[in-house]
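>>> structure for the following, please:
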Amino acid sequence: MTVPSTIDHHARGYSVQLAYWMAQAADLAYKDEATIARKAREWGFDEVRHHHTRFTPPFPLQDTQAYTMASDHMIITGFRGTEPAQIRDWLSDATTPPWPGPAGTGYIHYGFGEALDSVFPAVRDALAELRNGDQTVWFTGHSLGGALAMLAGCRMYLEEPRLQADGIYTYGQPRTCDRLLAAACNKGFKDRLHRFVNNNDIVPQLPPEPAYTHVDTLRYIDSHGRIRSSMPVLGILTDRVMGATADLLAPVSDGVRDHFMHRYVSALEKNLN
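Below you'll find the predicted structure:
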């Protein structure tokens, strides 16, 4: 199978092709507004909205950015992530206080709560404006952006069900919430939430358990670049050792290298081929 030239606007459900294009859309969130608008048009989306909010000190991240692009058949909202070293230091702080989850369901990491609150009204309003037919709605993001995509989807499901997403694709997403909210997401997004983890990517292993956890769905990219929809815990641990020792000159940095967005895009392209 060759890489398709553009996204299939009629896509539904899970496919490697759609995962590849959602990864491209997550990567696009890192670009400037002009590049996002140009790419959106190339991909067949004629409407684009940009969402940008700045924080005030002492919040450790500078801002939250996202965009929404729409066609007659599909709407995608992509959330921007942050630098691997920055988010790793931030998420390693186990003393971070919890923040009430969507619709008062469970708890989430304080930083995610503040970041999502800053941009959620703009995302919600854009979806309400642009969803003028039966378009499918998709959320995507990498790193912090993946956490925001997952939580925005969960918030829509619990608070704005008419705007809820048909699918959520995240890449290198950190742990976002407690077990109560994770259970609500597992129920509401069964077979619609796809969380990709690339081998030794350090960010999905943070913040530390048991305070925070992941939703059930995992699509693990092994040390050979293959996507595994199911793999025993021991198998994942063994595979992570293989990935970490593949580069004997820099095994410690493998967890950061595996987090880069281009690694996810390359792995998904490899699975297409």
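
>>> who is residue 213 paired with across the strands?
Under DSSP bridges, the beta-bridge partners of residue 213 are residue 177.

>>> which ones are touching it?
175, 177, 178, 179, 182 (C-beta atoms under 8 Å, 6 or more residues apart in numbering). All C-beta atoms are positioned from the backbone trio N, CA, C, and that covers glycine.

>>> surely residue 19 touches residue 194?
Yes - assessed by C-beta atoms under 8 Å, residue 19 is found in contact with residue 194 at 6.5 Å.

>>> what's the overlap in contacts for these two?
Common neighbours of residue 19 and residue 194 (C-beta under 8 Å, 6+ apart) are 169, 219.

>>> quick one: residue 138 is in a helix?
No - looking at residue 138 with DSSP: H, G, I helix; E, B strand; the rest coil, it is strand, so not inside a helix.

>>> doesn't residue 164 make contact with it?
No - assessed by C-beta under 8 Å, residue 138 is found out of contact with residue 164, at 11.2 Å.

>>> can you pull the buried residues of the top helix by length along the chain?
Criterion DSSP state H: the longest helix present in the chain is helix 110-130. Using 16 or more other C-beta atoms under 10 Å as the test for burial, helix 110-130 gives 111-113, 115-116, 118-120, 122-124, 126-127, 130.

>>> what's the lowest-pLDDT member of these?
pLDDT is lowest at residue 111 among the buried residues of helix 110-130; the value there is 81.

>>> okay, it and residue 48: tell me how far apart.
Using C-beta to C-beta, to the nearest Å, residue 111 is found at 27 Å from residue 48.

>>> equivalent analysis for residue 157, please.
Applying C-beta to C-beta to residue 157 and residue 48 gives a distance of 24 Å.

>>> can you check residue 272 too?
Residue 272 sits 26 Å away from residue 48, going by C-beta to C-beta.

>>> of the two, which one has the most company?
The neighbour count for residue 272 versus residue 48, taken as other C-beta atoms under 10 Å, is higher for residue 48 (18 against 14).

>>> and the more buried one, what does it touch?
Each residue near residue 48 by C-beta under 8 Å, 6+ apart is listed here: 36, 37, 40, 67, 68, 69, 70.

>>> in helices, which of those fall?
Among the contacts of residue 48, the members found in helices (DSSP H) are 36, 37, 40.

>>> tell me the SS of residue 180?
helix.

>>> give me the pLDDT for the nearest residue to it once chain neighbours are set aside.
Leaving aside its sequence neighbours, residue 180 sits nearest to residue 106 (C-beta to C-beta, 6 or more residues apart in numbering; 3.5 Å). The score at residue 106 is 94. That number is its pLDDT.

>>> so residue 106 is in contact with residue 186, correct?
No - counting by C-beta under 8 Å, residue 186 is not a contact partner of residue 106; they are 12.0 Å apart.
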